[in-house]
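In: next comes the sequence, and after it the predicted model I'd like to discuss.
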Amino acid sequence: MTRPGTRKVGELRASRANTERTLAPGIHAATIELASKGAFRVRTTTGERVKASLGAGVDPSLVEECLKERRTVLVAPHPKGAIIVGALQVSASARREKLRLEARDIELCAGSRIVLRVGKSLVVIDEQGGIQMVGDGMTVKMAKAVRVRSANVELP
């Protein structure tokens, strides 16, 4: 027998489950408060706390970055709870002064062409196998012989 104003344990659990927040239709801005094994707790800009999961195609490293930097994410309602569908960029991207790639092999692939441009110098590699180099001058320094193999060599 329970006293008036008290609830049984089962009723308390059901009550807590019913207070689980669901989002209204649409896209909502939020910040990630907690992440654990692919599940997230986010707080919307209106103060609602909801459980969320990662949407299809969203890079987990993006969401991890948003959690660390307290960046705004975009969430949408889903039958299984909210899903994180992306992130909102609210400031200009930082421009790096230097980018260094280091690996045993580096491969750049393009469908049409690759263009390398520095100041007035230009190197263009196209899909037909043509390579064009444009600049004010060129210096070739080799420790051993330089071999030029071509069906035709033209010098002005």
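Out: Nice, I can see it. Residues are numbered from 1 along each chain as shown.
In: low-confidence ranges, this structure, go.
Out: For the chain, the stretches with pLDDT under 70 are 1-21.
In: taking the centroid of it, which residue is nearest it?
Out: By CA atoms, centre = their mean, the mean C-alpha position of the chain lies nearest to Leu62, the distance being 4.6 Å.
In: which SS state does that one fall under?
Out: helix (DSSP: H, G, I helix; E, B strand; the rest coil).
In: quick one, helices of the protein?
Out: Under the criterion DSSP state H, the chain contains helices at 9-18, 60-69.
In: got the buried residues for the last one?
Out: Along helix 60-69, these residues count as buried under the neighbour rule (16 or more other CB atoms under 10 Å): Val63, Cys66, Leu67. Every C-beta, even on glycine, is put in place using the N, C-alpha and C of the backbone.
In: which ones are touching the last one?
Out: Shown in contact with Leu67 (CB atoms under 8 Å, 6 or more residues apart in numbering): Ile32, Ala35, Phe40.
In: report the separation between the residue lying closest to the last one once chain neighbours are set aside and Thr22.
Out: Distance criterion CB to CB, 6 or more residues apart in numbering; nearest residue to Phe40, sequence neighbours excluded, is Ala52 at 4.6 Å. Using CB to CB, to the nearest Å, one gets 11 Å for the distance from Ala52 to Thr22.
In: ok, now Ala94?
Out: In terms of CB to CB, Ala94 sits 37 Å off from Thr22.
In: neighbour-wise, which of those two wins?
Out: Neighbour totals were compared for Ala94 and Thr22, and Thr22 leads with 12 against 6 (other CB atoms under 10 Å).
In: what about Pro79, how many neighbours?
Out: 6.
In: relative to Gly57, how far out is it?
Out: 18 Å.
In: now do Asp136
Out: 46 Å.
In: go on, Thr46?
Out: Counting by CB to CB, the gap from Thr46 to Gly57 is 26 Å.
In: so those two - more neighbours on which side?
Out: Thr46 (10 against 7).
In: look up the closest residue to that one, ignoring the ones flanking it.
Out: That would be His28: by CB to CB, 6+ apart, it lies 7.9 Å from Thr46.
In: ok, and for stretch 83-95, which residues are buried?
Out: Ile83, Ile84, Val85, Gly86, Ala87.
In: sounds good, over and out.
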